[in-house]
Each structure stands twice: as C-alpha cells, then as structure tokens.
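1. Here's my sequence, what's the structure:
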Amino acid sequence: MKKIEAVIRKSKFEDVKKALHQIEVNFFTYWDVTGVGNEKEGHVYRGITYSTSDIQRRYISIVVSDPFLERTIDAILNAAETGMVGDGKIFVSDITETYRIRTKEKGTDAVN
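-> Down below sits the predicted model:
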C-alpha cells in the first residue's frame, strides 16, 4: 500500500477530484493549506501589489493499494497540470498497515 500526498492549485481541485472518481479512487482527505514556493515576484491588482510568496493550495492525502498507484498518480498529474510554475508536488510513501474501524478489516481489504 502507498500513501499519495499531493499539493495542488485550489483552482484545479474539482478537476483532480473528477479524475480520481473516474479511476474509482473514491475516498481521500483534503485540506486547504498555505505554503511558500519558487514564485518570487508579486502581482499587481488595481494598483496594489500582492505577495505571491505565500501560496494558497489544496493538500490531498490518499492511501491506495499498489495496483492503483500509477493510475492515481497519472490522474493527478494530468488533471492538476497548467504548465506554469506552482502546479504543485506529489509525494509517495509506504504504508505498513491499514485498518477499517467499522469492520476491523485490515490490509488492502480496508483500503478498497
């Protein structure tokens, strides 16, 4: 099992959510987060300069069985991309065990 953590643009969240549902990844957790990125120059809106060093993003956390790993990553990559600086990052880590509290199932049975 793998844990996929993705930091994406808030504006791309609905596209990512739809892409995940299309590949049958129906459960994940997300948070609104603020981070600091590579984009350094400020943007001017109506004569006021706004800092872009603090970036509003959405953080998604998903645990998938190994056969779902590549298709989940591909879905996020394709749905979240704009081609501009600040599209985000994806991190993958190993999960040693998972339990479903309601049924007490464990392992991949608890994920799917």
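
2. most remote residue from the chain's center?
-> Most distant from the centre of the chain: Gly47, at 33.6 Å, with distances by Cα atoms, centre = their mean.

3. do you know how far it is from Gln56?
-> Gly47 is 22 Å from Gln56, where distance means Cβ to Cβ, to the nearest Å. Glycine gets a C-beta too; all of them are placed from N, C-alpha and C.

4. Then Gly83?
-> According to Cβ to Cβ, Gly83 and Gln56 sit 19 Å apart.

5. What of Tyr30?
-> Remark: distance between Tyr30 and Gln56 (Cβ to Cβ) = 13 Å.

6. Show me which of the two is the more surrounded one.
-> Neighbours were counted for Tyr30 and for Gln56 using other Cβ atoms under 10 Å; Tyr30 has more, 15 against 11.

7. rewinding a little: ok, the residue farthest from the centre of the chain - contacts?
-> By Cβ atoms under 8 Å, 6 or more residues apart in numbering, Gly47 lies in contact with nothing.

8. can you tell me which strand in the chain is longest?
-> Longest strand in the chain, counting residues (DSSP state E): strand 54-64.

9. Summarise which helices and strands that one is packed against.
-> Identification of packing neighbours for strand 54-64 by 3 or more Cβ pairs under 8 Å, 6 or more residues apart in numbering; DSSP states H and E yields strand 2-9, helix 13-22, strand 29-36, helix 69-80.

10. Lowest average confidence across the ones you listed, which one?
-> Out of the helices and strands packed on strand 54-64, strand 29-36 stands lowest, with a mean of 90 (criterion: mean pLDDT).
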